[in-house]
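A.B. asks: Output the structure for:
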Amino acid sequence: MTAPGFEIVFSGRPIPVLPGQTIGAALHAAGIRSWRTTRINGRPRGLFCGIGVCFDCLLTVNGEPNVRACLTTAHPGDEVTPS
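C.D. replies: Numbering: from 1, shown residues only. Now for the predicted structure:
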């Protein structure tokens, strides 16, 4: 028997999440590989290091900007948007 999942919302789109999963892992599992771009060349960014060393995975979560998706555990109903 598996634990029930829940959803977060990424830019208006519901994303399924497993309990204990980070926001970055949930987005990656949903096929979302990038959610922001570099300032100079507009290159796509998303998960890179996966351990909180870089800042490529920054998002706004529940109105709080610059949250690292790779380190932030998802919670039911989280509202997530690109930073």
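A.B. asks: Show me where the chain has its strands.
C.D. replies: In the chain, the segments counted as strands under DSSP state E are 6-10, 13-17, 36-37, 44-45, 58-61, 64-68, 79-82.
A.B. asks: mind checking which of these is nearest Ala29?
C.D. replies: strand 13-17 (7.7 Å; Cβ to Cβ). C-beta: built from backbone N, CA, C; applies to glycine.
A.B. asks: now, of the strands of the chain, which is deepest in the fold?
C.D. replies: Most buried of the strands of the chain, by mean neighbour count (mean count of other Cβ atoms under 10 Å): strand 58-61, with a mean of 20.
A.B. asks: Just checking: what are the partner strands of that strand?
C.D. replies: Here strand 58-61 has these sheet partners by DSSP bridges: strand 64-68 (antiparallel), strand 79-82 (antiparallel).
A.B. asks: same question for the first one, mean pLDDT?
C.D. replies: Per-residue pLDDT values across strand 64-68 average out to 97.
A.B. asks: So what touches that strand?
C.D. replies: Contact with strand 64-68 is made by Ile23, Gly24, Gly52, Phe55, Cys57, Leu58, Leu59, Thr60, Val61, Ser83, as judged by Cβ atoms under 8 Å, 6 or more residues apart in numbering.
A.B. asks: likewise stretch 15-25?
C.D. replies: Under the contact criterion Cβ under 8 Å, 6+ apart, stretch 15-25 has outside partners 3-9, 26-27, 29-30, 32, 46-47, 50, 57, 59, 61, 67-74, 76, 78, 80.
A.B. asks: show me what contacts Gln54?
C.D. replies: Actually, residue 54 is Cys. It isn't Gln. Cys54 neighbours (Cβ under 8 Å, 6+ apart): Phe48.
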